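*Asks:* no FASTA, just this:
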């Protein structure tokens, strides 16, 4: 098992931009050698959710966390209404611009759908297929759940001169992440939501319209389902296990959700163990 505490010298996380059809995609990268890992965040946040995770991964791999177009510091899509495969095509272009070969791609919630769709676009972007996929909370909604999220999850932010948007965002995350959410996590979530308040729904709505079940069933690579015990989407893990051809499940016990934020060292250890298992020492996929 990999150690994230003393398994090599920690490098500094750096930022960069990759050119795509939608403008520039911002990313954070840590690590100078080893297999590639590409991470996608949940809506409406940014690669900042992986700030604590990247140094642990970077001791053993080249770990990249992308800002989804329209979130964080990435340029937005040309407008609303684009679908997850559209986002994925652009993110595959960004991965190609960085030179990511045979990466392990991973994501949380809507980022899990983006990881699945991006893996399908790697060959068209000129890259070898993904060595594996790490999915944390796959949004395998049924028709009624999908309709409910589309109708109710993304009300307009109340942006006004009184600052009503700020208590609205705080209440939203206290309700969805729990009243015990650590203050640093709450601040991160509220700040990132406010950064894109006028378009925060774009990626959400694309994710709610997208059914990842077909992409998951088609994956011809090992899949790690890495989730918190009490995550909002933990009940979907059994369905994901049935759909994937080669899947394993790791549950981080006692966590309400957001395992990459609440337990980054445990999350990194499980992910690195998976990366080691699906790649050879040079970072090429096993055959």
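*Replies:* Structure's in. What do you need? What you are looking at is a predicted structure, and each value in this text was computed from that prediction instead of being measured.
*Asks:* from here on, just use CA atoms for contacts and neighbour counts.
*Replies:* Will do.
*Asks:* low pLDDT regions in the stretch 1-150 of the chain?
*Replies:* Filtered on pLDDT under 70, the stretch 1-150 of the chain yields the residue ranges 1-9.
*Asks:* strands along that one, start to end?
*Replies:* With strands called from DSSP state E, counting those that start in this stretch, the stretch 1-150 of the chain shows them at 14-20, 23-30, 36-40, 62-66, 104-108, 132-136.
*Asks:* count the neighbours of the nearest residue to residue 98 once chain neighbours are set aside for me.
*Replies:* Spatial nearest neighbour of residue 98, excluding adjacent residues (C-alpha to C-alpha, 6 or more residues apart in numbering): residue 18 at 6.9 Å. Residue 18 has 19 neighbouring residues, counting by other C-alpha atoms under 10 Å.
*Asks:* for residue 18, name its beta-bridge partners.
*Replies:* residue 25 (DSSP bridges).
*Asks:* in contact with it, which residues?
*Replies:* By C-alpha atoms under 8 Å, 6 or more residues apart in numbering, residue 18 lies in contact with 24, 25, 26, 27, 94, 95, 97, 98.
*Asks:* could you double-check that the first one sits in contact with residue 17?
*Replies:* To tie it back to what came earlier, the one meant is residue 24. Yes. With contacts counted by C-alpha atoms under 8 Å, residue 24 reaches residue 17, the gap being 5.8 Å.
*Asks:* skipping adjacent residues, who's closest to residue 118 in space?
*Replies:* residue 88 (4.3 Å).
*Asks:* for residue 228, give the beta-bridge partners.
*Replies:* residue 252.
*Asks:* was I right about it contacting residue 261?
*Replies:* No. Taking contacts as C-alpha under 8 Å, residue 228 lies outside contact range of residue 261: 10.7 Å.
*Asks:* between the two, which one's more packed in?
*Replies:* Higher neighbour count among residue 228 and residue 261: residue 228, with 24 against 18, using other C-alpha under 10 Å.
*Asks:* for the more buried one, give me its contacts.
*Replies:* 234, 251, 252, 253, 254, 255, 256, 257, 258, 259.
*Asks:* also residue 155?
*Replies:* Contacts of residue 155 by C-alpha under 8 Å, 6+ apart: none found.
*Asks:* surely residue 44 is in contact with residue 201?
*Replies:* Yes. Residue 44 lies in contact with residue 201 (C-alpha under 8 Å); the separation is 7.5 Å.
*Asks:* which one of these two has more residues nearby?
*Replies:* residue 44 (25 against 22).
*Asks:* show me the contacts for the more buried one.
*Replies:* 71, 192, 193, 196, 200, 201, 203, 204 are the contacts of residue 44 under C-alpha under 8 Å, 6+ apart.
*Asks:* and the gap between the residue nearest to residue 98 and residue 217?
*Replies:* Residue 18 sits 30 Å away from residue 217, taking C-alpha to C-alpha, to the nearest Å as the criterion.
*Asks:* which of the contacts of residue 44 fall within helices?
*Replies:* Judged by DSSP state H, the subset of the contacts of residue 44 located in helices is 192, 193, 201, 203, 204.
*Asks:* can you list those residues in TSV and add pLDDT and distance to residue 61?
*Replies:* Below are these laid out as TSV (pLDDT from 0 to 100; distance: C-alpha to C-alpha, whole Å):
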residue	pLDDT	distance to residue 61
192	98	27
193	98	30
201	98	33
203	98	28
204	98	30
